[in-house]
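Chemist: Output the structure for:
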Amino acid sequence: MDAAPKDSESHSFSADVRPSAQLVRQDLDTDTRGKTQNGWFQSTSPQPILFPPKNECLPGLIRGDLFLNRPDSDTSTCQVWVFSTLQAGVWQPISWGYEDSTGQRLIIREDGKLQFVSKSQWGTIDQSQMARVIYR
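Modeler: Sure thing, here's the model as predicted:
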């Protein structure tokens, strides 16, 4: 797996990538805390992308935010990155089940939204129903 690009190395969207809702930062829901300070962005593209766009294209971006891309080529597939909480300006590819700093786990809900759930709730989720996450 290639290293995630740093902010100075990242690229803006190519003509193929269609940001959803003009890259508006959405709140992340959690099952135990309501809303978290972190958010997420999403886009669609004809094919998988290598990494999220330039950080300047993501208004309100903070460490711990997520980026979700859904390639049109495979509707059961998605790509997810976290804006690193350890290295400034670095996007790290992650998958469902990613554990945040509070111990909650990332899921992709049936409505396509991202949410963190408690470890106990994570154990009750039918993981076969989650979108396949790919790394590029």
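
Chemist: residues in contact with the closest residue to residue 39 other than its chain neighbours?
Modeler: Spatial nearest neighbour of residue 39, excluding adjacent residues (Cβ to Cβ, 6 or more residues apart in numbering): residue 25 at 4.2 Å. Backbone N, C-alpha and C define where each C-beta goes, glycine included. Neighbouring residues of residue 25 by Cβ atoms under 8 Å, 6 or more residues apart in numbering: 39-41, 58-61, 65.

Chemist: which of those residues tops the neighbour count?
Modeler: residue 41 (26 neighbours; other Cβ atoms under 10 Å).

Chemist: For it, list the residues it contacts.
Modeler: Counting by Cβ under 8 Å, 6+ apart, residue 41 makes contact with 19, 23-26, 52, 58, 61, 65-68.

Chemist: Need the worst-confidence member of the residues you listed.
Modeler: In terms of pLDDT, residue 19 ranks lowest among the contacts of residue 41, with 51.

Chemist: Pass me the low-pLDDT residue ranges in this structure, would you?
Modeler: Low-confidence segments of the chain, defined by pLDDT under 70: 1-22, 29-36, 73-75, 85, 127-136.

Chemist: Quick check: next helix or strand after the strand ranked longest in it?
Modeler: Ranked by residue count, the top strand of the chain under DSSP state E comes out as strand 34-45. Note on strand 34-45: by DSSP states H and E, the next helix or strand toward the C-terminus is strand 66-71.

Chemist: Which strands or helices does that next one pack on?
Modeler: strand 34-45, strand 77-83 (3 or more Cβ pairs under 8 Å, 6 or more residues apart in numbering; DSSP states H and E).

Chemist: how close does residue 106 sit to residue 72?
Modeler: 23 Å (Cβ to Cβ, to the nearest Å).
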